[in-house]
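A.B. asks: I need the structure of the sequence given here:
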Amino acid sequence: MRKLIRVVQGGKRVREIAFSALVGDFFYRIEKSHGTVEISDPELEDKLTESELAELYKRFPEINPNRPLPPKPTEEPVSFRETKQPVQDTIQEEKEVEEISVESIIESYSTKELFDWLKANEYDVDGRKKKNREYLIEQITTK
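C.D. replies: This next block holds a predicted model:
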């Protein structure tokens, strides 16, 4: 007598496959042609003997109720964020760096580069005067 086991193939198709086909050499052909095989038979223990169940558990270890479970993750204390230094300190340091290098910027940059630098550093610059070097230098020095 053939023992039929209910399975789900490809995540949606329910069908019955012979026990010998599930544990036999041609199982991979079934899986290849119809998709992954998942055992979904609630009467599995009633249909099969203990030795047959052991064979099925070798092929499908996830259905074995006596399988060893993975170890529980270790409980580690939760570390909260460390306090960072105030944002104002970093802003002041950046301003100091800018003030020191402003003179070198004025001397070494061309008029177009000065305009681009002012835009990149969010200065309020009139775009109509982007070729007026004196105006651009005035914008840098007055801020």
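A.B. asks: For the rest of this, base every contact and every neighbour count on C-alpha atoms.
C.D. replies: Will do.
A.B. asks: quick one: the strands in the protein?
C.D. replies: Counting by DSSP state E, residue ranges of the strands within the chain are 4-9, 13-18, 37-39.
A.B. asks: so what secondary structure elements neighbour the second one?
C.D. replies: Under the contact criterion of 3 or more Cα pairs under 8 Å, 6 or more residues apart in numbering; DSSP states H and E, the helices and strands touching strand 13-18 comprise strand 4-9.
A.B. asks: follow-up on the earlier one: turn the strands of the chain into CSV, including distance to residue 116, mean pLDDT and mean neighbour count.
C.D. replies: Formatted as CSV, those follow (distance: least, Cα to Cα, whole Å; pLDDT from 0 to 100; neighbours: other Cα atoms under 10 Å):
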stretch, distance to residue 116, mean pLDDT, mean neighbour count
strand 4-9, 63, 87, 19
strand 13-18, 64, 86, 14
strand 37-39, 64, 87, 19
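A.B. asks: Make JSON lines out of those and add distance to residue 114.
C.D. replies: What follows is these, written out as JSON lines (distance: least, Cα to Cα, whole Å):
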{"stretch": "strand 4-9", "distance to residue 114": "68"}
{"stretch": "strand 13-18", "distance to residue 114": "69"}
{"stretch": "strand 37-39", "distance to residue 114": "68"}
